[in-house]
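K.L.:
structure for the following, please:
(one chain, ligands or ions: 2)
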Amino acid sequence: MTSTAPIAIIGTGIAGLSAAEALHAAGYSVQLFDKSRGSGGRMASKRSDAGALDLGAQYFTARDRRFAATVQQWQARGWVEEWTPSLYQFANGTLNPSADEQIRWVGKPRMSAITRAMLGALPVKFSCRIAEVFRGEQHWHLLDAEGESHGPFSHVIVATPAPQASALLAAAPKLAGTVASVSMDPTWAVALAFEKPLDTPLEGCFVQDDVLDWTARNRSKPGRDTTLDTWVLHASSSWSRQHLDLSKEQVIEHLHGAFAEMIGCAVPAPAFSLAHRWLYARPSAAHQLGALADADLGLYACGDWCLSGRVEGAWLSGQEAARKLIAHNQ
Ligand SMILES: Cc1cc2nc3c(=O)[nH]c(=O)nc-3n(C[C@H](O)[C@H](O)[C@H](O)COP(=O)(O)OP(=O)(O)OC[C@H]3O[C@@H](n4cnc5c(N)ncnc54)[C@H](O)[C@@H]3O)c2cc1C
Ligand SMILES: NC(=O)C1=CC=CN([C@@H]2O[C@H](COP(=O)(O)OP(=O)(O)OC[C@H]3O[C@@H](n4cnc5c(N)ncnc54)[C@H](O)[C@@H]3O)[C@@H](O)[C@H]2O)C1
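P.N.:
Ligands and ions are numbered 1, 2, ... in the order given. Below is the predicted model:
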């Protein structure tokens with residue numbers, strides 16, 4: 001397809017932005033869309049009375065050579081820093097230190113700093129939920145939830161969680177079928193902030209119990225607001241699924257209780273609390289899809305669900321979508 005129309009990218013999480021960066025660097029023009037008010041998706045940070053809180057991705061590792069090289073560049077630009085928490089694990093009702101040698105990265109001063117910087121000056125429309133992707137005679141067009149049409153576009157990259165991608169890929173039934181077979185698990189996240197620091201050295205903890213999966217001292221990450229002692233708690237996938245429709249107040253109460261039982265020090269009532277439900281937090285299983293493409297049509301899909309369900313997998317999937325698109329147009 002020869003065209004000077006831009007490429008539409010739906011989703012400004014790390015996968016969509018990874019694809020956007022690669023395409024922009026190769027000389028293509030892109031137009032991004034996101035239903036949210038800002039970029040980041042599951043790497044977004046919530047601004048709150050207790051400062052910015054990382055409610056989704058907590059840190060990320062870089063095991064792939066290409067991703068590791070990119071993270072080095074991010075570090076050189078001041079977008080990320082190593083986080084070296086005092087790590088614990090909680091299993092069989094016992095809390096134990098669990099230090100390791102793994103390098104863990106976080107965005108600085110908040111997780112969303114990475115996608116904010118990647119977005120730079122690329123054209124984007126926020127608060128724009130795309131409801132339909134359809135093809136005209138020569139080009140693609142997008143219809144948003146308000147009924148407004150966007151286009152023309154030469155290609156479309158769908159970079160949303162799999163369950164949100166199915167409907168957008170209806171023009172390519174094979175891709176839509178593959179996406180429909182990917183299921184994703186929810187995660188309830190709760191943030192608690194205490195006036196007085198809790199009397200514990202713990203800064204990150206892998207939890208194996210019925211309710212929790214993970215807890216972290218948000219303010220132990222580099223560059224965070226330290227006025228209050230802020231904590232982020234993640235419920236396990238199974239608990240989250242079983243309690244999907246609980247009110248936020250009830251979720252806070254349950255997770256606060258489980259946290260107090262686990263942490264081994266006095267936990268007062270928090271000065272501040274909030275809950276957030278991630279409906280599509282992580283793929284139920286890892287896949288080896290790379291990125292999906294119907295290159296003849298010009299429709300692509302990428303996201304963490306194509307690979308590992310982690311920040312690294314999402315970034316790699318975005319790179320793969322861009323690579324496939326560029327290769328087909330050479
Ligand atoms: C609670 C939680 C904890 C996690 N912890 C870690 C961790 O510690 N380490 C790690 O490596 N990974 C972690 N992850 C996973 C990591 O956050 C994801 O793998 C990664 O951020 C996914 O990026 P993505 O670009 O594929 O998708 P997303 O970040 O979900 O981006 C998709 C974007 O598409 C937008 N969108 C969706 N539908 C539409 C539509 N119709 N129109 C317009 N826009 C739309 C969304 O608003 C969103 O911005 C965690 C995730 C969660 C939820
Ligand atoms: N809650 C959600 O919705 C999540 C969605 C997607 C990912 N989530 C968590 O992200 C991290 C990232 O995984 P990783 O990059 O492979 O990191 P890791 O630090 O290597 O941890 C992987 C896994 O190994 C166990 N583990 C690692 N280090 C220790 C340790 N020092 N002590 C005990 N156990 C350790 C632990 O089970 C880790 O989960 C990962 O945590 C995803 O769960 C959440």
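
K.L.:
could you list every helix and strand in contact with the lengthiest helix in the chain?
P.N.:
Using DSSP state H, we find that the single longest helix of the chain is helix 311-328. Counting contacts by 3 or more C-beta pairs under 8 Å, 6 or more residues apart in numbering; DSSP states H and E, helix 311-328 is packed against helix 14-25, helix 65-76, strand 155-158, strand 292-294, strand 299-301. The way it works is simple: take the backbone N, C-alpha and C, and place the C-beta from them, glycine included.

K.L.:
and these: which comes nearest Leu192?
P.N.:
Relative to Leu192, the nearest member of the helices and strands packed on helix 311-328 by C-beta to C-beta is helix 14-25, separated by 26.5 Å.

K.L.:
Leu316 is in contact with Phe67, correct?
P.N.:
Yes: using C-beta atoms under 8 Å, Phe67 is in contact with Leu316, at 6.2 Å.

K.L.:
compare those two (neighbour count), which wins?
P.N.:
Shown here are Phe67 and Leu316; by other C-beta atoms under 10 Å, Leu316 has more neighbours (25 against 19).

K.L.:
what sits against the more buried one?
P.N.:
Ser18, Asp64, Arg66, Phe67, Gly290, Leu307 (C-beta atoms under 8 Å, 6 or more residues apart in numbering).

K.L.:
the same query, at a cut-off of 6 Å, please.
P.N.:
Applying C-beta atoms under 6 Å, 6 or more residues apart in numbering to Leu316 gives the contacts Leu307.

K.L.:
still on that earlier bit, alpha carbons only: can I get the longest helix of the chain in PDB?
P.N.:
Taking C-alpha atoms only, helix 311-328 is exported to PDB below (Å, rounded to 0.1, in the frame of the first residue of the first chain):
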ATOM      1  CA  VAL A 311       6.400  -4.200  30.600                       C
ATOM      2  CA  GLU A 312       9.300  -5.900  28.600                       C
ATOM      3  CA  GLY A 313       6.900  -8.100  26.700                       C
ATOM      4  CA  ALA A 314       4.700  -5.100  25.800                       C
ATOM      5  CA  TRP A 315       7.600  -3.100  24.600                       C
ATOM      6  CA  LEU A 316       9.000  -6.000  22.500                       C
ATOM      7  CA  SER A 317       5.500  -6.600  21.000                       C
ATOM      8  CA  GLY A 318       5.300  -3.000  19.900                       C
ATOM      9  CA  GLN A 319       8.700  -3.200  18.300                       C
ATOM     10  CA  GLU A 320       7.600  -6.400  16.500                       C
ATOM     11  CA  ALA A 321       4.400  -4.700  15.100                       C
ATOM     12  CA  ALA A 322       6.500  -1.800  13.800                       C
ATOM     13  CA  ARG A 323       9.100  -4.200  12.300                       C
ATOM     14  CA  LYS A 324       6.400  -6.200  10.500                       C
ATOM     15  CA  LEU A 325       4.700  -3.100   9.100                       C
ATOM     16  CA  ILE A 326       8.000  -1.600   7.900                       C
ATOM     17  CA  ALA A 327       9.200  -4.900   6.300                       C
ATOM     18  CA  HIS A 328       5.900  -5.300   4.400                       C
END
